[in-house]
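Undergrad: coordinates only, sequence not included:
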């Protein structure tokens with residue numbers, strides 16, 4: 001496959017895998033059941049069970065042959081870019097953004113405590129896929145180190161007292177060496193970037209990785225090129241149109257974008273939360289309970305809130321008691 005701005009992808013079906021060209025996002029690599037990732041600014045991804053990919057200008061080196069992981073074991077140590085002016089301005093939104101770790105490490109921040117910016121759009125809620133390198137479990141929280149061949153980052157999840165059995169089971173199935181999808185917010189603590197997440201789960205399969213990488217590239221190109229803009233000018237896009245804040249099963253917005261398929265109570269909770277998107281803290285869970293008390297018990301309402309959080313349709317803000325609806 002010839003190179004381009006996106007590069008080429010290796011074969012996903014055959015054992016040999018197709019080689020890919022270079023480019024901003026790297027080309028597809030050599031052999032292996034799912035092909036190897038090539039070089040490029042976004043790093044190479046090694047084959048699922050075969051040959052490795054080539055290095056790039058700032059990407060990771062390829063994985064070794066025979067039994068390699070989804071991602072290259074090499075990778076980079078991405079440096080943080082210095083804060084700079086936002087130029088043509090930024091777009092503020094609460095959409096779910098598919099990213100790589102390198103993008104998070106290089107996201108710009110104009111001043112301390114200001115929103116991070118990627119592609120001149122403020123970053124709110126993000127999702128990524130990586131391999132767990134280490135786990136440190138405490139009584140109140142769990143800290144993971146995730147690696148995705150473009151870099152490594154610390155990820156923290158607070159254990160909620162009202163955590164459902166399903167969420168607990170998903171969390172317990174995430175162990176060192178496994179590949180997981182996480183949903184959360186980029187934060188800075190003691191001059192170190194990390195992710196504060198509200199959901200972590202094992203990936204469904206190799207196709208989810210491929211789909212995630214395509215989404216990362218697609219959203220990036222949409223934002224910097226202003227696709228479908230006749231004037232060709234930079235136009236902030238509604239990321240939710242590309243990647244709806246769904247349950248993260250690798251199917252993008254098609255599965256969860258239709259809110260009318262939600263149970264009535266869940267829909268009411270979501271609609272109420274949307275009324276508070278103008279506030280930084282969003283809606284208080286206690287206010288949601290108070291408003292909908294006539295529809296269901298407090299326990300049932302809080303369970304609905306938790307399920308919407310777990311599905312990625314809402315997220316916590318200033319603390320665990322305040323939420324916002326995604327895509328608003």
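TA: Okay, I see it. It should be emphasised that the depicted structure is a prediction, and the values quoted were computed from it without experimental measurement. Residues are numbered from 1 along each chain as shown.

Undergrad: after the worst-scoring helix or strand of the chain on mean pLDDT, next one along is what?
TA: Scoring the helices and strands of the chain by mean pLDDT, DSSP states H and E places helix 253-256 at the bottom, with a mean of 38. Counting by DSSP states H and E, the element after helix 253-256 in chain order, helix or strand, is helix 264-274.

Undergrad: mind listing what's buried along that following helix?
TA: By 16 or more other Cβ atoms under 10 Å, the buried positions in helix 264-274 come out as 265-266, 268-270, 272-274. (Glycine included, C-beta is placed from N, CA and C.)

Undergrad: show me the shaky parts of the stretch 101-250 of the chain.
TA: 226-250 (pLDDT under 70).

Undergrad: where do the strands sit along it?
TA: Using DSSP state E, counting those that start in this stretch, the strands of the stretch 101-250 of the chain run over 117-118, 121-122, 125-137, 141-147, 152-158, 179-189, 192-202.

Undergrad: got those strands as TSV, with mean neighbour count columns?
TA: As requested, the strands of the stretch 101-250 of the chain are exported to TSV (neighbours: other Cβ atoms under 10 Å):
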stretch	mean neighbour count
strand 117-118	20
strand 121-122	20
strand 125-137	19
strand 141-147	18
strand 152-158	20
strand 179-189	19
strand 192-202	19
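
Undergrad: distance to residue 279 added to those strands, as CSV?
TA: Listed next are the strands of the stretch 101-250 of the chain as CSV, based on distance: least, Cβ to Cβ, whole Å:
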stretch, distance to residue 279
strand 117-118, 21
strand 121-122, 16
strand 125-137, 16
strand 141-147, 26
strand 152-158, 22
strand 179-189, 16
strand 192-202, 19
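
Undergrad: looking at the ones you listed, which is closest to residue 100?
TA: Closest to residue 100 of the strands of the stretch 101-250 of the chain, according to Cβ to Cβ: strand 125-137, at 6.3 Å.

Undergrad: now do that closest one against strand 141-147, angle only.
TA: Angle, strand 125-137 to strand 141-147, by axes from the mean of the first three to the mean of the last three Cα atoms, to 10 degrees: 110 degrees.

Undergrad: list the buried residues of the longest helix belonging to the chain.
TA: Looking across the chain with DSSP state H, the single longest helix is helix 206-225. By neighbour count on 16+ other Cβ under 10 Å, the buried set for helix 206-225 is 206, 208-213, 215-223.

Undergrad: which helices and strands sit right next to it?
TA: strand 96-98, strand 125-137, strand 179-189 (3 or more Cβ pairs under 8 Å, 6 or more residues apart in numbering; DSSP states H and E).

Undergrad: what's the angle between that helix and strand 125-137?
TA: 130 degrees.

Undergrad: contacting residues around residue 163?
TA: By Cβ atoms under 8 Å, 6 or more residues apart in numbering, the residues touching residue 163 are residue 306.

Undergrad: and if you look at residue 291?
TA: Applying Cβ under 8 Å, 6+ apart, the residues near residue 291 are residue 272.

Undergrad: that one in helix, strand or coil?
TA: The three-state assignment at residue 291 reads helix, by DSSP: H, G, I helix; E, B strand; the rest coil.

Undergrad: relative to residue 268, how far out is it?
TA: 8 Å (Cβ to Cβ, to the nearest Å).

Undergrad: then residue 219?
TA: 30 Å.

Undergrad: so what's the residue count around residue 303?
TA: For residue 303, the tally of surrounding residues (other Cβ atoms under 10 Å) stands at 16.
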